[in-house]
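sequence and predicted model, in that order:
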2 protein chains.
Amino acid sequence: MCFRGFVLVLGEQREAVRLFNNPGAQECADVIMSAASKRRAVIVLGVCEVSYRGRTSSELARGERLVIVKEDGSLLVHRTWGYKPVNYMPPGAMVYAKSDSGSVVISAKRGSESMRVVFHKVYLAATLNFRDDSSFEQKGTEAQMRDAVVFYPELVEKGLRVLTHEFQVKSGFVDLMALDSRGRLVAIEFKANPAKTADVNQLIAYVSRLRALSKERGIRGVLAAPSINKAARKLLVDSGLEFKRLDKDECLRVLEEFKPTMSLLSFIEKGDEHSA
Amino acid sequence: MCFRGFVLVLGEQREAVRLFNNPGAQECADVIMSAASKRRAVIVLGVCEVSYRGRTSSELARGERLVIVKEDGSLLVHRTWGYKPVNYMPPGAMVYAKSDSGSVVISAKRGSESMRVVFHKVYLAATLNFRDDSSFEQKGTEAQMRDAVVFYPELVEKGLRVLTHEFQVKSGFVDLMALDSRGRLVAIEFKANPAKTADVNQLIAYVSRLRALSKERGIRGVLAAPSINKAARKLLVDSGLEFKRLDKDECLRVLEEFKPTMSLLSFIEKGDEHSA
DNA sequence: GCCTAGGTCCCGTTG
DNA sequence: CAACGGGGCCTAGGC
């Protein structure tokens, strides 16, 4: 069965998808421009080639691909394999489409970068009038590990008192500054993933900076992560720093437990802001 | 105009795209499973919710989205904005689809990670039988900058002689080792992008390692990049290291010029391998 | 605007 | 297999 050259409207109460089957070059360009003006996304399936000039430059010869023009100006060229788009523009690009001697030319500009997709044949174009206002909730991030320790410092060690977070030193930001039970400063760096040498280097830089600042020799550095690789552990220990295994799930349990308190705290903080 | 419930085949000589308009849950699941068995990509437009468990965990409530199931098992859930998929599985996932009480459930597993997309309504499914064997060529990478300097060391400075590249020290690999006109060792670190403090830290680690190894105090460290940010430059200079501006385009010109020589060299190297 | 750091980073390369 | 570094990284948050 092969139908050609008509438009389909899909969606029950509303026109969520409008399909253009085997559109001509001019029609396809019009569809893209019209969607862009209404801030709607478009997908295009067909035979194209792509060139990019900007941070590097690249050429992609003719092939069949899926192109997505999104409502924020991002532009993705996907092959039928691979996580990443083979070519793209991040959000914020100005996207234009025109017909040029039988081809559809989509060009995108963003600062000093530019991209050009030339479609020699378009099998299908579809404009998307999508509703999607759901929030995306994620659990188990590095920030949440840090929050868990703020609320329950014993996750790292007994007697720990939290001083501040995101403490700025010359070489960056220390995730958490605390005092241990013997009154020594502790710089804590959290990693949600197995700690690597780069993470240790980061902690080394922070602690050496802190030691330079305070002349206090007793400053401790703790790398808190679910695990640490061998080379990293050796470098850590050789540098006089410590590793503390911190389980993501345990952190999440703590956060769940402290949720009421957290809400209360956030209420109090807001109150302070008003009275300040 | 509103057509419902038929299949469309697009593509001139070949069935490049097969469209399923408003498919039922069972039909859609079958389409996905059949495409998976033939290693073909599928796109699905419709109303879905997504959950993910793995390195973190996430929930995405109901909304209209584009889902791409690729032939290598990667699975992307795209909203109508943003460069990145809101949920995804990288290549290598096992993807299954089934119909469950009127919904299409797509599940993907990959090691300890799993993802589940439930479509409450599918507007459109399309299987892609795409041909795309074009190579993707990119110019202006860090490796190419290094190669340019190997062939024309004067890009960094007069009288420089290249010794080796990717020289391993404890803290990593020095991009390029060379001797300057006065016989001093030079460690060169290339960056294709504006150099940051992290890059300087890397070079500091390398040079201090080299100095420890050779006891030679005259070892120089050079950071070669198109530009360097202020803080990084200060850290660099304070650490007794040097910055050399290296233009990407200039490097590319050099590579173009030396292309004949490079081919010759590669031929000779191959010959060496055979004779070795 | 720059800069810093996280990411379900992905991805290739190498030991 | 793990480990390491690059990426047109992208993205969020500070300043």
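Yep, it's here. Numbering: from 1, shown residues only, chains lettered A, B, ... in the order given.

how about the residues of chain A near DNA strand D?
When proximity is defined as C-beta under 7 Å from any atom of the strand, chain A approaches DNA strand D at A:52, A:54-56, A:58, A:74, A:87-91, A:110, A:113, A:115, A:194, A:196-198, A:229-232. (C-beta placed from N, C-alpha, C; glycine too.)

hey, C-alpha coordinates of the lengthiest strand in chain A in CSV?
Counting residues, the longest strand found in chain A (DSSP state E) is strand A:113-128. Listed in CSV are the C-alpha atoms of strand A:113-128, where the atom choice follows Å, rounded to 0.1, in the frame of the first residue of the first chain:
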residue,chain,number,x,y,z
GLU,A,113,28.1,28.3,15.0
SER,A,114,26.1,27.2,12.0
MET,A,115,24.6,24.0,10.7
ARG,A,116,23.0,23.1,7.4
VAL,A,117,20.8,20.1,6.7
VAL,A,118,19.9,19.5,3.0
PHE,A,119,17.1,17.0,2.4
HIS,A,120,17.2,15.5,-1.0
LYS,A,121,14.1,13.5,-0.3
VAL,A,122,11.6,13.8,2.5
TYR,A,123,9.5,10.8,3.3
LEU,A,124,7.6,12.3,6.1
ALA,A,125,7.3,15.5,8.1
ALA,A,126,5.2,15.9,11.2
THR,A,127,4.5,18.9,13.3
LEU,A,128,4.0,18.2,17.0
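
C-terminal to that strand, what's the next element?
The element immediately downstream of strand A:113-128 (helix or strand, assigned by DSSP states H and E) is strand A:136-139.

show the average pLDDT along that next one.
If you average the pLDDT over strand A:136-139, you get 94.

now do the buried residues in that strand.
Of the residues in strand A:136-139, those scored as buried under the neighbour-count criterion (16 or more other C-beta atoms under 10 Å in any protein chain shown) are residue A:139.

any part of it near DNA strand C?
Yes: under the criterion of C-beta under 7 Å from any atom of the strand, strand A:136-139 makes contact with DNA strand C via residue A:138.

so which elements touch the host helix or strand of residue A:231?
For residue A:231, the element it lies in under DSSP H and E is helix A:230-238. Using 3 or more C-beta pairs under 8 Å, 6 or more residues apart in numbering or on different chains; DSSP states H and E as the contact test, the elements touching helix A:230-238 are helix A:197-214, strand A:242-245.

just the residues contacting the last one, thanks.
Yep, that's strand A:242-245 we're talking about. Contacts to strand A:242-245, defined as C-beta atoms under 8 Å, 6 or more residues apart in numbering or on different chains, come from residues A:156-157, A:195, A:220-228, A:233, A:236-237.

go on, stretch A:39-47?
Residues from elsewhere that reach stretch A:39-47 (C-beta under 8 Å, 6+ apart): A:28, A:31-32, A:35-36, A:62-71, A:104, A:106, A:119-130, B:10, B:16-17, B:43, B:66, B:80-81, B:126, B:128.

and what of stretch A:106-121?
Everything outside stretch A:106-121 that qualifies as a contact, by C-beta under 8 Å, 6+ apart, is A:25, A:28, A:32, A:44, A:46-55, A:62, A:67, A:69, A:73, A:75, A:77, A:87-90, A:92-97, A:100, A:102-105, B:12.

secondary structure class for residue A:193?
coil (DSSP: H, G, I helix; E, B strand; the rest coil).

and it, how many residues sit next to it?
Around residue A:193 there are 12 other residues, counting by other C-beta atoms under 10 Å in any protein chain shown.

give me the element residue A:166 is part of.
Assessed by DSSP H and E, residue A:166 sits inside strand A:161-169.

show me what that strand is packed up against.
When contacts are defined as 3+ C-beta pairs under 8 Å, 6+ apart, strand A:161-169 packs onto helix A:142-151, strand A:172-179, helix A:197-214.

try 6 Å this time
In terms of contact count using 3 or more C-beta pairs under 6 Å, 6 or more residues apart in numbering or on different chains; DSSP states H and E, strand A:161-169 is assigned the packing partners strand A:172-179.

for the strand it packs on, give the mean pLDDT please.
Confidence for strand A:172-179, expressed as mean pLDDT, is 92.

pLDDT weak spots in chain A?
Under the criterion of pLDDT under 70, the regions of chain A flagged as low confidence span A:1-12, A:217, A:260-276.

pull stretch A:139-157 out as PDB, backbone CA atoms only.
Only the C-alpha atoms of stretch A:139-157 are listed here, as PDB (Å, rounded to 0.1, in the frame of the first residue of the first chain):
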ATOM      1  CA  LYS A 139      16.600  10.800  43.100                       C
ATOM      2  CA  GLY A 140      20.100   9.800  44.000                       C
ATOM      3  CA  THR A 141      22.100  12.700  42.900                       C
ATOM      4  CA  GLU A 142      25.300  14.100  44.500                       C
ATOM      5  CA  ALA A 143      23.400  17.100  45.800                       C
ATOM      6  CA  GLN A 144      21.000  14.800  47.600                       C
ATOM      7  CA  MET A 145      23.900  12.800  49.200                       C
ATOM      8  CA  ARG A 146      25.200  16.100  50.500                       C
ATOM      9  CA  ASP A 147      21.800  17.100  51.800                       C
ATOM     10  CA  ALA A 148      21.400  13.800  53.600                       C
ATOM     11  CA  VAL A 149      24.700  14.400  55.400                       C
ATOM     12  CA  VAL A 150      23.700  17.900  56.300                       C
ATOM     13  CA  PHE A 151      20.600  16.500  58.100                       C
ATOM     14  CA  TYR A 152      22.400  13.500  59.500                       C
ATOM     15  CA  PRO A 153      26.100  14.100  59.700                       C
ATOM     16  CA  GLU A 154      26.600  10.700  61.300                       C
ATOM     17  CA  LEU A 155      26.300   9.200  57.800                       C
ATOM     18  CA  VAL A 156      30.000  10.300  57.500                       C
ATOM     19  CA  GLU A 157      31.000  10.000  61.200                       C
END
